[in-house]
Every structure is written in C-alpha cells, then in structure tokens.
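**Student:** kindly return the folded structure for what I paste below:
(one chain, ligands or ions: 1)
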Amino acid sequence: MRSGTPALRLSGASLAYGERRLWSELDLDVAPGEFIAVLGANGAGKSSLLKVVLGLQPLERGTVEVVGRPVRRGDRRIGYVPQQKGLDPATPLRARDFVRLGLDGHRWGPLVPSRRARESVDRVLAAVGATDYADSPVGRLSGGEQQRLRVAQSVVGDPDLLLADEPLLSLDLNHAAAVSALFHESRLRTGAAVVFVTHDVNPVLPYADRVLYLAGGRFRVGTPDAVMNSATLSDLYGAPVEVLRSGGRVLVAGGATPSEHPHAHDHEEAS
Ligand SMILES: Nc1ncnc2c1ncn2[C@@H]1O[C@H](COP(=O)(O)OP(=O)(O)OP(=O)(O)O)[C@@H](O)[C@H]1O
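**Tutor:** Modelled structure (predicted):
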C-alpha cells in the first residue's frame, strides 16, 4: 500500500437507481487503519454504498478509488462480509475450507496446502469462536455460526479494506463483541481500513473513529460525538431526534422520517 493513499476515496459521488437518488455529492476519504461506522435508516443506501466500492454498482456521478485505483469487481484487496443470508444446506464445504476461500478462493484447482495458510485460518476461526465447529459442514450450521465464518473469511487474507454489511446481525452479545474486536485487531495488525455498516453504533463505539450517517439522501460524517447528538441528527432528518447517552451507550429516540425531498448539497462534515 502506498503511504498517504487513502484506503477508500469517494469524490463527488452520487448514486441513483433510475429516478431515485439515494445520496449525492459524497466526499469521503478513509485512511489506512481507520474504522468508520456507516449508519442510517432502512433504504438509506448503506448496502448500496458497499456495492459501489465492490465495483458491483456504478455511480451516477463522481469517482471511487480503493488504495489509489478505480474499483473493479473481485478486487483481492477488499474483504467483504455480505448482508446475512443462509448458505445452501447442501454446501459440502467444511467450515475451515469456507474460511480458507478468503485466502485462495480465486485460484483454480485444489487448495495449496501450506502451514502458514492453515495457521491463518486457525487464528481467525479462534477469533470468532468457531474452533469447535471448524470441521463441520457449513450448510448445517446455525445462522449466527455461518455469520461468524463469513467474518473470518473476510479478514483471513489481510485485505487493505474491510467492508462489512451488518455483520453483527443474529449474533449473541459475546460473539458480537468478538467480531467487532476482530475487525479492530485486523486494522491494528495490518492497517486495514474498516467500513462497518450497522444499525446500532454501540457495539462499535469503542472502535469507530468516525461515523457516516445517511438519511433521506443527505449525510453527516464526523467523530461519533460530532454526529451522534440531538442537534446534528435532528438537522439531518429535518425532524426532532433525541440522542441520549446512558452508561456509555448511545440511544437514538424519535420516529423521524427522513425528508423525501432533501435540500440539494445539504451535507457537511460534522465537528
Ligand atoms: N439494484 C437496485 N435497483 C433498484 N433499486 C435498488 C437496487 N438495490 C437497492 N435498491 C433500493 O435502494 C434503496 C437502498 O437500498 P440499500 O440496500 O442500499 O439500503 P440500506 O441502507 O442498506 O438498507 P437496510 O438498512 O434496510 O439494509 C432501497 O430502497 C432498495 O430497494
């Protein structure tokens, strides 16, 4: 990785499906090793943002680069945890082989046996608490067990950029904490940047350097304190939102519906 080059750079980026614009004029640099939480209501365009970075969805306007190069599909520099869906029960892979695909799934032919690869797989399996079911067929595992394997697969290849789409869904508290900590550990160890889509900021509050909050076509980006407060979110939603802090947790109250017709260029770096 070239030093000083952002792991992810979006410049003047707008995304639309037909007539419907999800967000626009998004400028965002994510530094190597940075952890950014992406929040927002259902349909705000969080998953779509990840699809843009994966080269699966073209921008309407603007540019997107991963470590200084335009995005392309199948970029091995990116680790990705897709939004949860069950694996086919008939999938014959064992858990450890599924994780191993994150190391050499792009190669044709049989997996190359190597001690280093095995150690890497064992390390991430342990980190997500999957050692006990490492040799079980993935299709027979529970949703949460499969989800932990997806997380392990995304980090095992030491990518420059980690994209995770609601990776804590259906995880119990202990495993959610382990998964958040694994992303944090990855960025410390390898300098990976982490873009973490979540409905709840609390599990990642200890790690998030910044929050990108999408709502009604607008956004705010800044430190968690700068974004997760009543004034900033009320302004973003154009309706009263109350942000409460209790015991180190952030609670967002208020049934705000983002404006369907946001003002043009209404976004800013919160400070
Ligand atoms: N390929 C597509 N074509 C047309 N519309 C799409 C497409 N993909 C997503 N959308 C729509 O764009 C909107 C944003 O979807 P997206 O999945 O990015 O939202 P999200 O913020 O991740 O939501 P959630 O929190 O529910 O996962 C949704 O209303 C969705 O129906």
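
**Student:** so where's this protein uncertain?
**Tutor:** Within the chain, the segments meeting pLDDT under 70 span 1-3, 105-113, 255-271.

**Student:** and it, which residues reach the ligand?
**Tutor:** Tyr17, Leu22, Gly40, Asn42, Gly43, Ala44, Gly45, Lys46, Ser47, Ser48 (CB under 6 Å from any ligand atom). C-beta: built from backbone N, CA, C; applies to glycine.

**Student:** and these, which two are the farthest apart?
**Tutor:** Within these, Tyr17 and Gly40 form the most distant pair, 16.1 Å apart (CB to CB).

**Student:** who has more neighbours, these two?
**Tutor:** Higher neighbour count among Tyr17 and Gly40: Gly40, with 24 against 11, using other CB atoms under 10 Å.

**Student:** partners of that one in the sheet?
**Tutor:** Using DSSP bridges, the bridge partners assigned to Gly40 are Leu214.

**Student:** ok, back up a step: just the buried ones out of the residues of the chain next to the ligand, please.
**Tutor:** Buried members of the residues of the chain next to the ligand, counted by 16 or more other CB atoms under 10 Å: Leu22, Gly40, Ala44, Gly45, Lys46, Ser47, Ser48.

**Student:** now those residues in JSON lines, please, with extra columns for secondary structure and distance to Tyr80.
**Tutor:** Compiled in JSON lines, these are given as follows (DSSP: H, G, I helix; E, B strand; the rest coil; distance: CB to CB, whole Å):
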{"residue": "Leu22", "secondary structure": "strand", "distance to Tyr80": "19"}
{"residue": "Gly40", "secondary structure": "strand", "distance to Tyr80": "19"}
{"residue": "Ala44", "secondary structure": "coil", "distance to Tyr80": "19"}
{"residue": "Gly45", "secondary structure": "coil", "distance to Tyr80": "17"}
{"residue": "Lys46", "secondary structure": "helix", "distance to Tyr80": "14"}
{"residue": "Ser47", "secondary structure": "helix", "distance to Tyr80": "11"}
{"residue": "Ser48", "secondary structure": "helix", "distance to Tyr80": "14"}
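
**Student:** so which of those comes closest to Val195?
**Tutor:** For these, the nearest to Val195 is Lys46 (9.7 Å; CB to CB).

**Student:** quick check: beta-bridge partners of the nearest residue to that closest one once chain neighbours are set aside?
**Tutor:** Nearest residue to Lys46, sequence neighbours excluded (CB to CB, 6 or more residues apart in numbering): Val197, at 4.5 Å. Following DSSP bridges, Val197 is listed with bridge partners Val38, Asp165.
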